[in-house]
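>>> Turn this into a structure:
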Amino acid sequence: MADVTLYFCGLAWISLWTTIIDSILLDQSIPFVIWFILHFIFIAIAVLLYLLFVSYLNRWLIQWLLPKPWAFRQVFPYTVAANIWTFPIGVLFYQLGATTVGISVLLGGHILYSVLPLVQARKKKNPSKVQR
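Model (predicted):
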């Protein structure tokens, strides 16, 4: 239950800042509360679809890279943890008009935090020799 609460608190935080930024940059004819609710619904759907897509991508990569595949219930929390910073920052850049930078942050962050640890986990570890 705590995971769901944290997830919705994070969505509310992202929605609040998105609403504040849009209120500054756009016409303020829509009341703030309605604007916030609309942002919350859209961002919740967008975040869930993005995380679902990259979770399936991670599941495929894990099956391909690691000798023992993970169940989806293990892949989804890994994906959420790996994209916890890159998604809000990428969306912020995208919202501020830097579309290329925003998409680059989303893709680069996914590769850096999701794919790179999987590639490193696949490498065989050599036993270190302790010199005395």
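>>> mind listing what the spatially most central residue of the chain touches?
Residue closest to the average C-alpha location in the chain (Cα atoms, centre = their mean): residue 83, at 2.9 Å. The neighbours of residue 83, taking Cβ atoms under 8 Å, 6 or more residues apart in numbering as the test, are 50, 51, 54, 109, 110, 113, 114. The C-beta positions use only the backbone N, C-alpha and C, and glycine is treated the same way.
>>> which residues touch the third one?
For residue 54, the contact set (Cβ under 8 Å, 6+ apart) comprises 79, 83, 110, 114.
>>> Just the ones in strands from those residues, please.
Secondary structure defined by DSSP state E assigns none of the contacts of residue 54 to strands.
>>> Of all pairs in these, which one is the farthest apart?
The most widely separated members of those are 79 and 110, with 8.6 Å between them, by Cβ to Cβ.
>>> if we can go back for a sec, can you redo the contacts of residue 83 as JSON lines with pLDDT and distance to residue 5?
Converted to JSON lines, these look like this (pLDDT from 0 to 100; distance: Cβ to Cβ, whole Å):
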{"residue": "50", "pLDDT": "83", "distance to residue 5": "20"}
{"residue": "51", "pLDDT": "80", "distance to residue 5": "17"}
{"residue": "54", "pLDDT": "83", "distance to residue 5": "22"}
{"residue": "109", "pLDDT": "85", "distance to residue 5": "24"}
{"residue": "110", "pLDDT": "82", "distance to residue 5": "25"}
{"residue": "113", "pLDDT": "82", "distance to residue 5": "23"}
{"residue": "114", "pLDDT": "80", "distance to residue 5": "24"}
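>>> can you name the two of those residues that are farthest apart?
Using Cβ to Cβ, the pair of the contacts of residue 83 lying farthest apart is 50 and 113, separated by 14.0 Å.
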